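**Student:** Dropping the sequence and predicted coords here.
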Amino acid sequence: MQPDSKRKTLFVAFVISFVCSILVSAAAVLLKPVQEKNQIKDVLKNVIQVAGIDERNNINEILGKKLLPKLLDMETYNLEDIKDIGGYYKNFKKMLNDDTKSIKLKPEEDLASIGRIPKKVLIYFVKENNSVNKIIVPIYGKGLWSTLYGFLCINAKDKSICGITFYEHKETPGLGGEVDNPTWKRKWVGKMIYDKDGRLKLTVIKGEVNPDSAEKIYQVDGLSGASLTTAGVNNMVKFWLGDRGYKKFLMKNTF
């Protein structure tokens, strides 16, 4: 091959590579808002699912009618209105790195190994016949390979579990990834969180719950072959339903 031909070949290859890199970068920038919008939709879909609301309904029709979003102040446990749900979820992880918008946990408090919690947490009240019958609260914590992000559904009347879901994690498929298994998630329904004296009793155990145990109403089967993910989910739930989480809010209110 002649020197000029080699130079032309290299030049053409460079131009093609440059143009392709520009197109890929442009596509990433242009698609980012679409991806973020889809991620927010997925989060809201999980809220609707765990609330037991018909998914065929339009989300805009559900919000404000069947599903009432509120910001819960994690220091005062007072409620505030929220105007931008999408913006909250879009900036959620950034919020956790902002000292003005998050709270640093003491080591002895940090059962879920998360470091910080938002100062204001977005929760949902599920309404039926103009009264609140369920509360949807976000949870997140360390599993084996990742941080799991999800929601708990709590019955307003007796503070029992009515559902659990996870919308983001990187646990091992078939093992810790079984947190997504509908059969396992159904095992949470009806489990009590606190005893009659207000003590946190809900526990994800190793193995299966003994049907003859007096504690069975507070216990959930662990994930088979995934003891570390099981321990992570247990710690996560105990943190968020404990004193530094939602316990004070749940115990002081009759909804």
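**Tutor:** Good, I have the coordinates.
**Student:** Could you use CA atoms for every contact and neighbour count after this?
**Tutor:** OK.
**Student:** Report the rounded mean pLDDT for the helix or strand containing Leu68.
**Tutor:** With secondary structure defined by DSSP states H and E, Leu68 is part of strand 67-73. With pLDDT averaged residue by residue, strand 67-73 scores 96.
**Student:** Which residues does that strand contact?
**Tutor:** Strand 67-73 is contacted by residues 63, 78-82, 119-127 when judged by C-alpha atoms under 8 Å, 6 or more residues apart in numbering.
**Student:** hmm, try it at 6 Å
**Tutor:** Among residues not part of strand 67-73, those counted as contacts by C-alpha atoms under 6 Å, 6 or more residues apart in numbering are 78-82, 119-126.
**Student:** now stretch 135-142
**Tutor:** 112-114, 123-125, 147-154, 232, 236.
**Student:** Filter the residues you listed down to the ones in strands?
**Tutor:** Ile123, Tyr124, Phe125, Thr147, Leu148, Tyr149, Gly150, Phe151, Leu152, Cys153, Ile154 (DSSP state E).
**Student:** and the residues you listed, which two are the farthest apart?
**Tutor:** By the measure C-alpha to C-alpha, Phe125 and Thr147 form the most distant pair in the ones in strands among the contacts of stretch 135-142, at 25.2 Å.
**Student:** the more surrounded of these two?
**Tutor:** Each of Phe125 and Thr147 has its neighbours counted (other C-alpha atoms under 10 Å); Phe125 has more, 24 against 20.
**Student:** Which residues does that one form beta bridges with?
**Tutor:** Leu68, Ile135 (DSSP bridges).
**Student:** Thr165 touches Tyr149, doesn't it?
**Tutor:** No - assessed by C-alpha atoms under 6 Å, Thr165 is found out of contact with Tyr149, at 8.6 Å.
**Student:** Compare these two (neighbour count), which wins?
**Tutor:** The neighbour comparison of Thr165 against Tyr149 (other C-alpha under 10 Å) goes to Thr165, with 22 against 17.
**Student:** Setting aside sequence neighbours, what's the nearest residue to Lys120?
**Tutor:** Asp73 (4.5 Å; C-alpha to C-alpha, 6 or more residues apart in numbering).
**Student:** Need the nearest residue in space to the residue nearest the centre of the chain, chain neighbours excluded.
**Tutor:** With distances taken as C-alpha atoms, centre = their mean, the residue of the chain nearest its centroid is Gly150 (2.1 Å). Distance criterion C-alpha to C-alpha, 6+ apart; nearest residue to Gly150, sequence neighbours excluded, is Phe166 at 3.8 Å.
**Student:** just wondering, since we're on the one you found, how far is it from Leu96?
**Tutor:** 19 Å (C-alpha to C-alpha, to the nearest Å).
**Student:** now Ala156
**Tutor:** Counting by C-alpha to C-alpha, the gap from Ala156 to Leu96 is 28 Å.
**Student:** ranges for the helices of the stretch 1-150 of the chain?
**Tutor:** 3-51, 59-62, 85-90, 92-95 (DSSP state H, counting those that start in this stretch).
**Student:** Tell me where the model's unsure across the stretch 1-150 of the chain.
**Tutor:** 1-15, 17-37 (pLDDT under 70).
**Student:** cool, and the stretch 151-255 of the chain?
**Tutor:** 254-255.
**Student:** rerun at 80
**Tutor:** 253-255 (pLDDT under 80).
**Student:** just the strands in the stretch 151-255 of the chain please.
**Tutor:** 161-168, 203-204, 219-220 (DSSP state E, counting those that start in this stretch).
**Student:** Distance to Asp197 for those - can I get that in CSV?
**Tutor:** What follows is the strands of the stretch 151-255 of the chain, written out as CSV (distance: least, C-alpha to C-alpha, whole Å):
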stretch, distance to Asp197
strand 161-168, 18
strand 203-204, 17
strand 219-220, 17
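**Student:** so which of these gets nearest Asn210?
**Tutor:** Asn210 sits nearest to strand 219-220 of all the strands of the stretch 151-255 of the chain, at 9.0 Å, using C-alpha to C-alpha.
**Student:** All set, thanks.
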